[in-house]
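Q: Sequence plus the predicted model coming up.
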Amino acid sequence: MALKDLISINDLTSTEIRKIFTTAADLKANPRNYSDALAGCSVALIFEKPSLRTRVTFDLGATQMGASCVYLDHQGVRLGERESVKDMALNLERWVDVIVARTYSHETVIELAAHSSAPVINGLSEFSHPCQGLTDYFTLTEKVGPDLKGFHIAYVGDGNNTCHSLIFAAAKLGAHISVGCPKGYEPDAEVLKLARKDARKTGAKIEVVNDPFDAVEGAQAVYTDVWASMGFEAETERRREIFSPFRVTKKLMKATEKDALFMHCLPAHRGDEVDADVIDSRISIVYDQAENRLHTQKAIMFLLVEANR
């Protein structure tokens, strides 16, 4: 990749996204070929938020390629509090080869990248979740084939960071994404503006509606996420009332294209955003997505280190 960092899928070209996919597929099929790919490298994992998939897969992924990891949680390293984000970046670049940051503020990731010569990977911010979005489309290439042009994915729920990344990737790959959200919870207007600019070049279609059944009509995959993302826990009960018509049920899935897949970035709350008889059914590929976080993130680390050597 020509990029130094991975902050947002919007920063990638379609060619770079496909390179990540082909590399992830090779890493998945031939892991031993990459056992020394990052030998001698070190990876810093900075996590302000709790994590299962992101932390485990980055830690294991780096280790499986010969790198070492150091984990910095918010209890020990408070970004911008004990010392500035700039100074943290300027220190870490002297010791490590990659910085993965999972932060409350997207601006923190941007600031880390601005001051670090080592590649910075956005492990999740309130605006963007690029590793998840890339993993999701990589998983779809395994299920339906490498060309996702014209593939219709419906996202139902909160227009959050994961939704933003799915929109950006759809626009780059020429996929069709329809987003169904309650009024007032739509994706960021700037995300839609940027994505639609790319969509004009790739033939992608991006639609936002306020009815979940309109969103899933003709969809080949239905995606949802928790209704109250990290940082919005205080709104859980209020959001449960607002979002209840957007729960993914068997009835909603029947309104899709035949044999549509179900997707979720996890963690999931059965009975809230999705019913158990959907997420635990044969159409669900949520654990394939979870597994592929490992392979996709290994590809991202490998490509960024190679590009910055």
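A: Cool, the structure landed.

Q: Show me what stretch 40-58 is in contact with.
A: Contacts to stretch 40-58, defined as C-beta atoms under 8 Å, 6 or more residues apart in numbering, come from residues 59, 62, 66-74, 77, 79, 92, 95-104, 108, 112, 123-124, 131, 230-231, 266-267, 290, 293-294, 297, 301, 305. C-betas here are computed from N, CA, C, even on glycine.

Q: Just to be sure, Met263 is in a helix?
A: No. Counting by DSSP: H, G, I helix; E, B strand; the rest coil, Met263 falls outside a helix, being strand.

Q: which non-adjacent residue is nearest it?
A: With C-beta to C-beta, 6 or more residues apart in numbering as the measure, Tyr223 is the residue that lies nearest to Met263, at 4.2 Å, once sequence neighbours are left out.

Q: Could you look up the SS state of the one you found?
A: strand.

Q: can you give me the helices for the stretch 1-150 of the chain?
A: Along the stretch 1-150 of the chain, counting by DSSP state H, counting those that start in this stretch, helices occupy 14-29, 53-64, 85-92, 106-115, 130-144.

Q: With Phe213 as the reference, name the closest of those.
A: helix 130-144 (22.2 Å; C-beta to C-beta).

Q: Please point out which parts of the closest one sit buried.
A: Neighbour counts over helix 130-144 (16 or more other C-beta atoms under 10 Å) mark Pro130, Cys131, Gln132, Gly133, Leu134, Thr135, Asp136, Tyr137, Phe138, Thr139, Leu140, Thr141 as buried.

Q: Just give me the closest of those residues to Cys181.
A: Looking across the buried residues of helix 130-144 and measuring by C-beta to C-beta, the closest to Cys181 is Gly133, at 17.0 Å.

Q: Quick check, pLDDT for the spatially closest residue to Gln132 that is not a sequence neighbour.
A: Nearest residue to Gln132, sequence neighbours excluded (C-beta to C-beta, 6+ apart): Cys265, at 5.1 Å. Cys265 carries a pLDDT value of 98.

Q: Kindly report the same for Ala228.
A: For Ala228, pLDDT reads 86.

Q: Count the residues that sit near it.
A: Residues within reach of Ala228, counting by other C-beta atoms under 10 Å, total 21.

Q: returning to what we had before: comparing the helices of the stretch 1-150 of the chain, which comes out most buried?
A: Stretch with highest mean neighbour count among these: helix 130-144 (a mean of 23; mean count of other C-beta atoms under 10 Å).

Q: Name the next helix or strand following that helix along the chain.
A: Where DSSP states H and E defines the elements, the next helix or strand beyond helix 130-144 is strand 152-156.

Q: Check which strands are paired with that following strand and give the direction for each one.
A: With DSSP bridges as the test, strand 152-156 is paired with strand 176-180 (parallel), strand 221-224 (parallel).

Q: contact partners of the shortest one?
A: Contacts with strand 221-224, where a contact means C-beta under 8 Å, 6+ apart, come from 136, 140, 151-157, 166, 216, 246, 248, 252-253, 256, 260-265, 273-274.

Q: Would you reformat the helices of the stretch 1-150 of the chain as JSON lines and include distance to Gly40 and mean pLDDT?
A: Converted to JSON lines, the helices of the stretch 1-150 of the chain look like this (distance: least, C-beta to C-beta, whole Å; pLDDT from 0 to 100):
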{"stretch": "helix 14-29", "distance to Gly40": "19", "mean pLDDT": "98"}
{"stretch": "helix 53-64", "distance to Gly40": "12", "mean pLDDT": "98"}
{"stretch": "helix 85-92", "distance to Gly40": "17", "mean pLDDT": "96"}
{"stretch": "helix 106-115", "distance to Gly40": "23", "mean pLDDT": "97"}
{"stretch": "helix 130-144", "distance to Gly40": "24", "mean pLDDT": "98"}
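
Q: and of those, who's closest to Cys181?
A: helix 130-144 (17.0 Å).

Q: just checking, what packs against that closest one?
A: Packing partners of helix 130-144 (3 or more C-beta pairs under 8 Å, 6 or more residues apart in numbering; DSSP states H and E): helix 14-29, strand 120-124, helix 161-173, strand 261-264, helix 286-307.

Q: Export it to CSV, keeping only CA atoms.
A: C-alpha atoms of helix 130-144 as CSV (Å, rounded to 0.1, in the frame of the first residue of the first chain):
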residue,chain,number,x,y,z
PRO,A,130,-12.0,0.4,9.1
CYS,A,131,-10.6,-2.9,10.2
GLN,A,132,-14.2,-4.2,10.8
GLY,A,133,-15.5,-2.9,7.5
LEU,A,134,-12.6,-4.4,5.5
THR,A,135,-13.1,-7.7,7.3
ASP,A,136,-16.8,-7.7,6.5
TYR,A,137,-16.3,-7.2,2.7
PHE,A,138,-13.4,-9.7,2.7
THR,A,139,-15.8,-12.2,4.3
LEU,A,140,-18.3,-11.5,1.6
THR,A,141,-15.7,-12.2,-1.1
GLU,A,142,-15.3,-15.7,0.4
LYS,A,143,-19.0,-16.3,0.3
VAL,A,144,-20.1,-14.8,-3.1
